[in-house]
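Q: sequence and predicted structure below; questions after.
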Amino acid sequence: MNMFVIGVLVGVSLFALIYSVVMLNKLHAGIILLHQHIEAQSKSLQMMFLKLNKIEKVTDTTMTAAENFVDALRESAEQMMTMRPPNMRRHGGDNLEQFDDLRKAFDEGIRQMEEDDDIDDEGEDDPDNKWKS
């Protein structure tokens, strides 16, 4: 009878050992698969951040170029004012005001765009920006 009990205990412990090896193997395979998915997501996030940085740099460069263009237009208008004959100078102030208005509108557009970016960063949904999601 003792041999039977010992045989049952050895059999159960061998079965438990084999079962635990199989389960650990499955767990290991699952962890490796999870690790591969995490690495793929990490790489895609890095690429997304690189592209976003590139877009931000292009946007900043474009804004700077537009500001410089408006400044150049204003300077050009001021130089044209000094080159005009004296009888035409009294009507030339309108051009400078138009350039000032253009500059103010440009600055206001930049401010509004930055405020919209701040609102989007806070997590509010904007129905006009569905293309971003």
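A: Noted; the coordinates are in hand. Residues are numbered from 1 along each chain as shown.

Q: now this structure, which segments are flagged as low pLDDT?
A: Within the chain, the ranges that satisfy pLDDT under 70 run 84-99, 120-133.

Q: and the residue nearest the centre of it, what helix or strand is that in?
A: With distances taken as Cα atoms, centre = their mean, the residue of the chain nearest its centroid is Leu52 (4.4 Å). Element membership of Leu52, judged by DSSP states H and E, is helix 2-83.

Q: check which helices and strands that helix sits against.
A: Under the contact criterion of 3 or more Cβ pairs under 8 Å, 6 or more residues apart in numbering; DSSP states H and E, helix 2-83 touches helix 93-121. For glycine as for every other residue, the C-beta is placed from the backbone atoms N, C-alpha and C.

Q: burial count for Lys104?
A: 10 (other Cβ atoms under 10 Å).

Q: let me fix that: Ala29
A: 10.

Q: residue contacts, it?
A: Taking Cβ atoms under 8 Å, 6 or more residues apart in numbering, we find Ala29 in contact with no residue.

Q: distance check, it against Val21.
A: 13 Å (Cβ to Cβ, to the nearest Å).

Q: what's the overlap in contacts for those two?
A: Counting by Cβ under 8 Å, 6+ apart, nothing touches both Ala29 and Val21.

Q: how close does Lys51 sit to Ser44?
A: Applying Cβ to Cβ to Lys51 and Ser44 gives a distance of 11 Å.

Q: burial of Leu102, as a residue count?
A: Quick note: Leu102 (other Cβ under 10 Å) scores 13 neighbours.

Q: all numbers from here: first residue = 34
A: Yes, from this point I'll number from 34; that puts the last item at Leu135.

Q: which residue packs closest to it, ignoring adjacent ones?
A: Distance criterion Cβ to Cβ, 6 or more residues apart in numbering; nearest residue to Leu135, sequence neighbours excluded, is Val103 at 6.0 Å.
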